[in-house]
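# Let's see this in three dimensions:
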Amino acid sequence: MVEEADRRKELLDLHKIAVEEIRFEVTLNWQRTQYYFTVNTAVIAVAAGLLKSDERAAAGMVMALFLVGCVLAYLAERMIRQGHTYYRRAVFKKALIEHLLGRFEIVEGFSHPAASLAIATTRGMAEAAKILHDPDRYVNKAPTRGTVTHALLWMARIFMAIDAVAATYAAFITFG
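Below is the predicted model:
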């Protein structure tokens, strides 16, 4: 009896850690995204300001700045994807612990499928059976269209396109 109580206490402690890990992943990923997007915006602003100069040397610097921006946007996209994978791994662990705690059972007196004690704040988290049945598929699934993560990936691609087009334009000014 004591062993079962100790196991349940350990699982509850692990559940708390799993929820904190999810919160950490979301916060870290958002902070990194803000950093990359802020730096890329600054690169575009500085390079665009220098582009107004009539000097060819300035155009070379502008081209280099836009190329740096392009690399930063590429890194941002990779970071957003990787951060999403880390987040999904943490969600899997939380779901596994909740399964062991019996949190997915419908609370007596309720019939709605969401009437359990599992923490399922997102549509993805609510699909616990899919998460637990095929964790690799869940963890490696690309961000779904219409989600914030999907939109952030598109923003990184837009930054990359702006930087690439502007770097090409600056190259024509410099060499052409």
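# for the protein, what helix or strand is lowest in average pLDDT?
Among the helical and strand segments of the chain, the one scoring lowest on mean pLDDT, DSSP states H and E is helix 128-133, with a mean of 90.
# Buried residues, that helix. List them.
Of all the residues in helix 128-133, those buried under the rule 16 or more other Cβ atoms under 10 Å are 128, 131. Glycine gets a C-beta too; all of them are placed from N, C-alpha and C.
# Now do the buried residues in stretch 33-42.
Within stretch 33-42, the residues scored as buried using 16+ other Cβ under 10 Å are 33, 36, 37, 40.
# Which of these fall in helices?
Per DSSP state H, helices hold the following members of those: 33, 36, 37, 40.
# Could you list the low-pLDDT ranges of this structure?
1-2, 54, 56 (pLDDT under 70).
# which residues in the protein form helices?
Here the chain has its helices, by DSSP H, at 2-51, 56-101, 128-133, 135-140, 148-175.
# so which of the ones you listed comes closest to residue 107?
Proximity to residue 107 (Cβ to Cβ) singles out helix 56-101 among the helices of the chain, at 13.6 Å.
# Out of the helices of the chain, which one sits most buried?
helix 56-101 (a mean of 19; mean count of other Cβ atoms under 10 Å).
# picking that back up, want to try TSV for the helices of the chain, with distance to residue 118 as columns?
TSV is the format used below for the helices of the chain (distance: least, Cβ to Cβ, whole Å):
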stretch	distance to residue 118
helix 2-51	10
helix 56-101	5
helix 128-133	6
helix 135-140	15
helix 148-175	22
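# Remind me what the least confident helix or strand of the chain packs against, helices and strands.
On a contact count with 3 or more Cβ pairs under 8 Å, 6 or more residues apart in numbering; DSSP states H and E, helix 128-133 meets helix 56-101, helix 135-140.
# Report the distance from the longest one to the chain centre.
Think helix 56-101. 7 Å (Cα atoms, centre = their mean, to the nearest Å).
# again, but for the shortest one
On the basis of Cα atoms, centre = their mean, helix 135-140 is displaced by 15 Å from the centre of the chain it belongs to.
# which residues sit against it?
With contact meaning Cβ atoms under 8 Å, 6 or more residues apart in numbering, helix 135-140 is reached by 85, 88, 89, 91, 92, 124, 127, 130, 131.
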